[in-house]
Every structure is written in C-alpha cells, then in structure tokens.
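> Below is the sequence, then the predicted model.
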Amino acid sequence: MNTIAQSIGGAAVTTKLAMRMEDSLQAFAVRAACFIGELDVPYSEEFDGHDFGATHVIAYVGDEPVGTVRLRWFQSFAMPERLAVIQRFRGHHIGELLLERCRTLAAGRGCNMLYVQTLPGDVAYWEKHGWRRLVAEEAASGAKRIVAMVKAVDPSKPLPEVEAPESVVLRPEPQLDAAGVPLGIASN
Amino acid sequence: MTVQLAAGLSNHPAVTIKLASTSDEMLQCYMLRAAVYMGEQHCPYWEEFDGNDYSASHLILYVDGEPAACMRLRWFATFAKFERAVILKRYRSLGLFMPFVEWAKEFARKKGYPKAYLHSQHRLWQIMERGGFHKVDDRIFHFSDHEYGAFACDLSVDPDHIPTVFTDPMVLNRPEDQLDAPGVLEQSMERGASNPHAGWDGGRRAN
C-alpha cells in the first residue's frame, strides 16, 4: 500500500464531511474546476440532481479545498462518485484518502459494500487499491463503456452476492421531477 | 430585462442573460468561476471566493439553457465595478463577451450609475478598448498571478430617468433587472393593506 501524505509543503492534509453551505460550495467548486473546467463536462451533467441526497467529503491541504468525493447511499451498498482532486495537488494519494473516508463512513453505517462505476482505462487503478469487477467477464468493447467495481467495506468479510444493476444506479432518484436535471431557468 | 442576443451563429443557439436571483442561479455563477479560474487558471479557492460574493450582484448568461458565462457586479458610490467575468471554454468562440459587457453596462446605467469600472488582464486590453473602456491611468498591478490595468467607461445616464428617492416606490421594489415591468410586490397590492401588525409599536417587544 502507498503511504498517504499527512502533509504537503508543511500544510496538513485533512478530510471532513460537508456540514455547512460553505463546505458544500467548496466540494462543488473542486468538481467544477476538474470536471467542467478541465474535462469540459456540461454544467447540467456535472450537477445532476443527486447532490442534495448524498454525503460529500472534502480534502484540504491547510485550509485550501483540494479534493472531494460524493457518496450516495443505497440499501445494499454505498456509491462513491464524482471523485476529484485539483490538478496541482495530484500525486499525493488524496483520492485514496477520500475513498478511505468513504469506507469508514460506510462501516459506521453498517454498510458492507462500496460500489463505483469507472472507465475501462481506470480499472487497473481501482484493482491496485483492492477493488474488483462486479461482473468478472470483460465488458463490451468501447472506451466509454462503464465498468462496475466493488470493494468490501470490511476486508476480512467477503462480499455478499448482491448485484447492483447499472440501470438502477444511473437513473435519477424517483423524487426528482420529470426534468431530471436542474437546468438553468433561462426563459424568464 | 432579459434579452435575446444575435450571437451570429449558424445554428442560432438561444442566448439569455439575467440577474442571478435564485440560489441555483448563484451556484451556477460560482461553478462557472470555479471551472475557469480554479480549473483552468489554477487560482486558489480562497482567492476566487474572496468574501465579496454576498455584497454583489451576479449576472448569468445561458446558451440554450446551459450556464455558459457569468459576471459579478459590485456597487460603489459613483461607479459599478465589473469583475469575475468568465465564459466557459466551450462557448468562447461565440462572441459572447462584448454583448455580455454591454448588457452589464445597460444594467448599471438603468440603476443610475454613470460609470463602469473594471480590472482587465493585460492580454484583454485591446478588447476592452474596443468595448468603449479607457485606461484610468498608467498603473499596472498584479494579483492572482496576472497583470491588470484599471479601465472605466462612461455610461450615458439620463438624469430624468434614473432611480431617485422620488421615484415611484413600487418601481424601486421591482427586480433590478426588470425595472421596466411590474414586479411581484405590485401584484401583492391587490390584497390591500390590512396592516396585520398594527398593534405593535415601539413600546411592545416580542419577548
């Protein structure tokens, strides 16, 4: 296992749960920087309507918000997603720190399984950190094909044989209105 | 005061500008700034969100309903300061910047401000001059890793039409980007004045 940095340039590396408006704003800002600014994801895809039914974890270097992950809760698993670390703070295993915080959060809630959706090119990264494919066989071809991966919350307990169909997880939560995504109101 | 701009595009995307007036619209402004300043220009969070966001007006521009650009306006006694103007990378070829600045100028002018003021990154000076701004002096200053100059633009304020303390009170109550149209409080006038708290006076306290 890699050693996770405890400090960068003398500034402490810490994580915390978003508890206040300002915390959430910091989480969202980190994602906007990485996904909208860097990867050119449209606003309405990045802020997809799930942010107010999820738990947000933020990583700090000193008092600077540098990383975030969103954790969504399902009946049989917890789903980390929207993992982002500001470009100039990468290479210090801050993503691992955020995912470890997700794992301990899930453990505290009696949750057995973490579930992520990743791209084929990132599978090796997740496997290195103890994740395995939900479905063992190779996914269909195509670079954008999503691969579902899982990890036991408690490494000493094997995962239950539960499948999380991707179609369920990707669909907007039922309490969302018909529009699904919170697009800008530009007509008035 | 939402306007439809001709962006000169072959496929005619709908461009809309408004004063951010809900928490969702404010969040959209902040996220566009995070994308451009933190994501592209590597600005630290605490420099980008500098404590002035809650004493400012925020403008948001949509392209086909998608948040595409924003600007922050702060109000000084004699001028409006335009700042934190960003256009998302994918919308930068649409020629949105000057129409957006013009909209902001018109917004400030209708509020009665005779001058718009801004700090422009050095690389954008020619664009600002084409937009009617002139350098206020020769100083060049820098913050957040960029060199800036101060620019101003005179706005043609009609003294007979600027809001004053003698303007119709219900006009002053209107949403600030729609000063020409009746606002929600004018609709409330239909309910009359029942003065539900008339029994309260200076000698009586809630506790």
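Done, it's in.

> on contacts alone, who are the packing partners of the strand or helix carrying residue B:118?
Here residue B:118, judged by DSSP states H and E, is contained in strand B:115-121. Here strand B:115-121 is seen to pack against strand B:80-87, helix B:97-110, helix B:125-130, strand B:146-154 when contacts are counted using 3 or more C-beta pairs under 8 Å, 6 or more residues apart in numbering or on different chains; DSSP states H and E. Every residue, glycine included, has its C-beta placed from N, CA and C.

> buried residues in it?
Using 16 or more other C-beta atoms under 10 Å in any protein chain shown as the test for burial, strand B:115-121 gives B:115-120.

> same thing with stretch A:66-75?
For stretch A:66-75, burial by neighbour count (16+ other C-beta under 10 Å) applies to A:66-72.

> Widest-spaced pair of the buried residues of strand B:115-121?
Taking C-beta to C-beta as the measure, the buried residues of strand B:115-121 span a maximum distance of 15.2 Å, between B:115 and B:120.

> Where does chain A get nearest to chain B, residue-wise?
residue A:37 (2.0 Å; C-beta to the nearest C-beta).

> so who does that residue touch?
Each residue near residue A:37 by C-beta atoms under 8 Å, 6 or more residues apart in numbering or on different chains is listed here: B:34-36, B:38-40, B:89.

> ok, and the closest non-adjacent residue to it?
Closest residue to residue A:37 apart from its sequence neighbours, by C-beta to C-beta, 6 or more residues apart in numbering or on different chains: residue B:39 at 2.0 Å.

> looking at this, that neighbour is in a helix?
Yes. The assignment for residue B:39 (DSSP: H, G, I helix; E, B strand; the rest coil) places it in a helix.

> Local confidence estimate at it?
If you check residue B:39, the pLDDT there is 97.

> Number of residues surrounding it?
With neighbours defined by other C-beta atoms under 10 Å in any protein chain shown, the count for residue B:39 comes to 26.

> Over to residue A:56?
Residue A:56 has 22 neighbouring residues, counting by other C-beta under 10 Å.

> my guess is it meets residue A:21, correct?
No. Using C-beta atoms under 8 Å, residue A:56 is not in contact with residue A:21, being 11.6 Å away.

> and the buried residues of strand B:115-121 as TSV, adding pLDDT?
Converted to TSV, these look like this (pLDDT from 0 to 100):
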residue	pLDDT
B:115	98
B:116	98
B:117	98
B:118	97
B:119	97
B:120	95
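
> got a list of what the residue nearest to residue B:58 when sequence neighbours are not counted touches?
Of all residues not flanking residue B:58 in the chain, residue B:20 sits nearest, at 4.0 Å (C-beta to C-beta, 6+ apart). Going by C-beta under 8 Å, 6+ apart, residue B:20 touches B:26, B:28-29, B:57-60, B:70.

> Likewise for residue B:143?
Counting by C-beta under 8 Å, 6+ apart, residue B:143 touches residue B:47.

> can you pull the pLDDT of the residue nearest to residue B:58?
At residue B:20, the pLDDT recorded in the model is 98.

> The strand holding residue B:118 - which strands sit beside it in the sheet, and in what orientation?
In the sheet, strand B:115-121 lines up against strand B:80-87 (parallel), strand B:146-154 (antiparallel) (DSSP bridges).

> what does the shortest one rub up against?
What that stands for is strand B:80-87. Applying C-beta under 8 Å, 6+ apart, the contact partners of strand B:80-87 are B:32-33, B:35-37, B:48, B:61, B:68-75, B:96-97, B:100-101, B:104, B:108, B:111, B:113, B:115-119.

> same deal with the longest one?
Contacts made with strand B:146-154 from outside it, assessed by C-beta under 8 Å, 6+ apart, are listed as B:41, B:79, B:105, B:114-122, B:125, B:128, B:131-137, B:139-142.

> give me every residue that touches the closest residue to chain A within chain B.
In chain B, no residue comes nearer to chain A than residue B:39, which is 2.0 Å away by C-beta to the nearest C-beta. When contacts are counted by C-beta under 8 Å, 6+ apart, residue B:39 touches A:32-34, A:36-38, A:87.

> and if you look at residue B:21?
Residue B:21 is in contact with B:175, B:177, counting by C-beta under 8 Å, 6+ apart.

> for chain B, which spans come out with low pLDDT?
B:1-10, B:201-207 (pLDDT under 70).

> Which residue ranges of chain A form strands?
A:7-8, A:11-17, A:55-61, A:64-73, A:78-85, A:113-118, A:132-133, A:147-152 (DSSP state E).
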